[in-house]
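Visitor: Give me the fold of what follows.
(chains A and B)
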Amino acid sequence: MDLRVLKGNPMKMKNSRRLMNLAAAACALLSSVAGASIVERSQDPQRDPYVVMAFNDLGMHCMNNDFSQMMILPPYNTLHAQVIKRGGEPSIVGSGITVTYELPSNTHASDKTNFWEYAPALLGVSLPPDVGLAGNGMFGTMIRNTSRGDFEAVGIPVAPVDDDGKENPYPLAFVTVRSNSTGAIIAQTQAVVPVSWEMSCNLCHTTPGETVATSILKSHDRLHGTTLINQQPVMCASCHADNALGTTGQQGVPNLSSAMHLAHAPRMGQVTLDNSCYACHPGVRTNCQRDVHAARGVTCTTCHGDMAAVGNPARNPWAQEPSCASCHQREEFEFEQPGVLFRNSTGHGGVQCMTCHGSPHVIGPAVTATDNAQAMRLQGHTGPLNDCLVCHTSQPNEPFEHKR
Amino acid sequence: MKNLNTNLAALVLSTLALSSAAGQTYTLVDLGAFAGQSEAYGLAPGSIPLGSFVNPDSHFQSVLFTTPETVLSTIAGYKEQVAFTSDATGRVYGTTYSFGDLTPSGFVADSSGVSLLAPFAARASNSSGVIAGTSYAADSGLRYLPRAAVWNTGTLTVLGTLGGATSQAMDIDDRAWVVGSSTTANEAASRPALWKSATASDLGTLGGTAGQALAIYANRIVGHSQNAAGVRRATLWNIDTAGNVVSRVDLGGLTSTAYSYALGMNSTGKAVGTSKFHAVLFENGACIDLNSRIPPTTGWTLDKAWDINDSGVIVGAGTYMGFPRAFMLVPFCLGDFNNDGFVNALDYDEFAGFFEVADPAADINNDGFVNALDYDEFASAFEAGC
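Guide: Numbers count the residues shown, from 1 in each chain, chains lettered A, B, ... in the order given. Below is the predicted model of the structure:
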């Protein structure tokens, strides 16, 4: 039975999908509970010989708005894409193609942030405008990562402002795959490249007549005997080790995550937000966590623990993160690979977990339409990619397995 | 906005400082004093700045920076709202949207209130209220790709591209010619584009790959484009009456190699923008740092100038107390003491009248005293003219 023929007949298609295995059905149920919707597509990506799925590595990237006095994080966004040759037995494609990315509504960055003016003082590098710390710009070619089985553009220096001037923390990247032999476009997709500078330090650091950064630096000097006020611009990670930036910090100084969380934990009583994490992480306006968990009332601390837990000096930030398997413990389901974070794990023949489920903090179905756009296009409904026909040209006879 | 008469008398805003540096002087007006984080994108008739501020609910809301401020009401279902432009009658246009939604909507605000226009991001208006912007509607493949579009009396028309899948519209003139950017068939960089109809034409660059046109008036288009070294530089495209590019001019930057962007332009060809993240004025072949035209002790850094009108009034966003904040620069001629547009004996007489009675109006240098220093400074400006 050629299911591609059936796709024009909704009733037959509905019947065919009854054959889907329990795993996929469970995902579909999750989708419907969270308010998934279905649309008819007039053009069907499932007829194409190739499919590409793209995703950001973290689900949100924070950056400073102003770098003239201090920097916590620079503009640095990483986009991945996995290309699959569709077939009865699909295969991940790693050669013979070129994968490019662009941000059609956010094509340049050096007029949106002063990062390039202060990068030499903060990081010791003089970067060409619109080029990020890993050498990638606002458009370009994604590089094959053989260990991940995907293509990636590391450190895209995107700022949360569209070219027309309006703030937008969820710009959509447009990813194009071409055949090297013919030059023809063989697959395209869209994925959010999330970025926000909504770090609301000003909720507390409000000394009249001083900038927020001045207030922060003076507080640090007063409490820790430093002279940061005289060393501007200051990169916090130059003293506090930070895995996000790859800095080792200074001996005896706590890592940045630990220092920040433990220093501020006792002071959060004065913050009256519904989600106090959004006092520092983006944010009340941005809503960094926008996934199926958010829709079901699972909050930041449900997975990450409280500030004391996150700030535990024994924790290795960015490397020790919540595990899906902490909550999802069903037989026959394997979640992350043993000892590997969700964002780096693969399953189902080398497919990245994020390829089907979305980025951390944006596990599908998301509450944001932009984050659901890729799934909607590829399978006609939100949620994880659970329609086998996204990659398979015919419905597999075997039950779905994450681990194979 | 262009061709608008300035009615500065209507503006009684909080004046921060007066610069008397060499060259054109400006009064710096803190537009964000009422709210904090804010940005001004354009000028309505009467030199009324318009833009957005962050409201108490932490969302962007449109505002006319009048006295007191005129805050536009929001539209149900949309959390963010930004006013970008107005037509000659004072109707205000902008975009309302919510973070994470796929399709923003244009809105219009007039005496009857605020209402939706069409599902597109409205960005610029010509004097008769034809709006250019960007549509994000899904195509037949359910792709939400930006496409330059024009709204005219209830009809939204999506324009063509340079061969790629995406485009953006940034400005429109009274011929309904639209400028912006578009990708080509290779789907890589966005190129500066002109639409005289639904068909796009490539304006070309200064030798590099990418660029974007931001403003059009008569035979001039300004924006930015990459040079052969890959650096974006403020660019002037001179065009003929048929819209063909006659020449491309590098408008300069704060250094010979610095990135620069032209974002707005008036009918006389003066353009504003940013270079090295300092607000700049492109005038007579020079790129002038507008921070050099305000006193150094204001606490402000002027980051980006979005627009300039024919009276020379400039609006944009700076950094004040660590946050983006809307500003307005009002040209001021020290010698034109009575502000009638001429430097003549009337100015001298008026100044002298205040000076003789030690009226604070004669405290030209703002030092709290009316003395010989003020007289000397006025006399110098009077002799120099404007």
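Visitor: if I pick the residue in chain A that chain B sits nearest to, what's in contact with it?
Guide: Closest residue of chain A to chain B, C-beta to the nearest C-beta: residue A:368 (2.9 Å). C-beta here means a position set from N, CA and C on the backbone, and glycine is covered the same way. The contact partners of residue A:368, by C-beta atoms under 8 Å, 6 or more residues apart in numbering or on different chains, come to A:170, A:192, A:287, A:290, A:362, B:99-101.
Visitor: Can you get me a residue count around residue 314?
Guide: Went with chain A since none was named. Other residues lying near residue A:314 total 6 when counted by other C-beta atoms under 10 Å in any protein chain shown.
Visitor: I was thinking of chain B, sorry if that wasn't clear
Guide: Residues near residue B:314, counting by other C-beta under 10 Å, number 28.
Visitor: these two touch, right, it and residue B:294?
Guide: No. Using C-beta atoms under 8 Å, residue B:314 is not in contact with residue B:294, being 11.1 Å away.
Visitor: Tell me the residues that contact both of those two, please.
Guide: Common contacts of residue B:314 and residue B:294, defined by C-beta under 8 Å, 6+ apart, comprise B:26, B:329.
Visitor: nearest residue to residue B:78 other than its sequence neighbours?
Guide: Leaving aside its sequence neighbours, residue B:78 sits nearest to residue B:96 (C-beta to C-beta, 6 or more residues apart in numbering or on different chains; 4.0 Å).
Visitor: So that neighbour versus residue B:82, what's the distance?
Guide: 8 Å (C-beta to C-beta, to the nearest Å).
Visitor: residue contacts, the closest residue to residue B:73 other than its chain neighbours?
Guide: Spatial nearest neighbour of residue B:73, chain neighbours left out: residue B:114 (5.2 Å); criterion: C-beta to C-beta, 6+ apart. Residue B:114 sits next to B:62, B:72-75, B:107-108 when contact means C-beta under 8 Å, 6+ apart.
Visitor: Output those residues as TSV; include the columns secondary structure, neighbour count and pLDDT.
Guide: Listed next are the contacts of residue B:114 as TSV, based on DSSP: H, G, I helix; E, B strand; the rest coil; neighbours: other C-beta atoms under 10 Å in any protein chain shown; pLDDT from 0 to 100:
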residue	secondary structure	neighbour count	pLDDT
B:62	strand	28	98
B:72	coil	20	98
B:73	coil	10	97
B:74	coil	19	97
B:75	coil	15	97
B:107	strand	24	98
B:108	strand	22	98
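Visitor: check contacts around the residue sitting nearest the centre point of chain A.
Guide: By C-alpha atoms, centre = their mean, chain A has its centre lying nearest to residue A:59, at 2.4 Å. Residue A:59 makes contact with A:194, A:288, A:291, A:358-362 under the criterion C-beta under 8 Å, 6+ apart.
Visitor: mind running it again at 10 Å?
Guide: By C-beta atoms under 10 Å, 6 or more residues apart in numbering or on different chains, the contact list for residue A:59 reads A:192, A:194, A:288-291, A:343, A:354, A:358-363, A:366, A:371.
Visitor: same deal with residue B:63?
Guide: Taking C-beta under 10 Å, 6+ apart, we find residue B:63 in contact with B:31-32, B:34-35, B:38, B:40, B:49-53, B:55, B:69-72, B:81-83, B:92, B:326.
Visitor: What residue in the stretch 1-150 of chain B comes nearest to chain A?
Guide: Closest point on the stretch 1-150 of chain B to chain A, by C-beta to the nearest C-beta, is residue B:100, at 2.9 Å.
Visitor: Can you tell me how far the closest residue to that residue other than its chain neighbours is from residue A:375?
Guide: Distances taken as C-beta to C-beta, 6+ apart put residue A:368 closest to residue B:100, at 2.9 Å, once the chain neighbours are dropped. To residue A:375, residue A:368 is 12 Å away according to C-beta to C-beta.
Visitor: for residue A:205, same thing?
Guide: Distance, residue A:205 to residue A:375, by C-beta to C-beta: 40 Å.
Visitor: neighbour-wise, which of those two wins?
Guide: Per other C-beta under 10 Å, whichever of residue A:205 and residue A:375 has more neighbours is residue A:375, with 26 against 18.
Visitor: Okay, the residue nearest to residue B:100 and residue A:112: tell me how far apart.
Guide: Distance of residue A:368 to residue A:112, computed by C-beta to C-beta: 22 Å.
Visitor: Residue A:145 too?
Guide: Note on residue A:145: its distance to residue A:112, by C-beta to C-beta, is 28 Å.
Visitor: likewise residue A:50?
Guide: From residue A:50 across to residue A:112, the span is 34 Å (C-beta to C-beta).
Visitor: Looking at those two, which one has more neighbours?
Guide: Neighbours per residue (other C-beta under 10 Å) separate residue A:50 from residue A:112, with residue A:112 holding more: 26 against 19.
Visitor: Residue A:87 pairs with what?
Guide: When assigned by DSSP bridges, residue A:87 has beta-bridge partners residue A:392.
Visitor: Out of the contacts of residue A:368, who's the most crowded?
Guide: Ranking these using other C-beta under 10 Å puts residue A:362 first, with 32 neighbours.
Visitor: which ones are touching it?
Guide: So residue A:362 contacts A:55-56, A:58-60, A:170, A:191-192, A:194, A:288-294, A:354, A:368, A:370-372, B:100 (C-beta under 10 Å, 6+ apart).
Visitor: Cheers, nothing more for now.
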